[in-house]
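Student: please find the sequence and the predicted model below.
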Amino acid sequence: MVINFSRHAKRRAKLYHIPESTIEAILMDSDLGAGEHELIKDVPGFI
């Protein structure tokens, strides 16, 4: 899976101090097909 972060996504991640590696790990664990998706997941270390 290729993950392309938009400028908006990079800015939001930086704003909330979320490393891209954390986002990539969440996405790799999910079974996603093509299209738009919304994931809601509890991640240890984040409120």
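Tutor: That came through, no problem.
Student: show me where pLDDT drops low in this structure?
Tutor: Of all residues in the chain, none has pLDDT under 70.
Student: which stretches of it form helices?
Tutor: 7-15, 20-29 (DSSP state H).
Student: the ones you listed: which one's closest to residue 45?
Tutor: helix 20-29 (8.7 Å; CB to CB). C-beta: built from backbone N, CA, C; applies to glycine.
Student: where's the closest one relative to the chain centroid, distance-wise?
Tutor: Chain-centre distance of helix 20-29: 6 Å, with CA atoms, centre = their mean, to the nearest Å.
Student: cool, and stretch 25-37?
Tutor: 9 Å.
Student: same check, this time on stretch 13-29
Tutor: So, by CA atoms, centre = their mean, the centroid of stretch 13-29 is 4 Å from its chain's centroid.
Student: re earlier: so which of the helices of the chain gets nearest residue 46?
Tutor: Closest of the helices of the chain to residue 46 is helix 20-29, at 8.1 Å (criterion: CB to CB).
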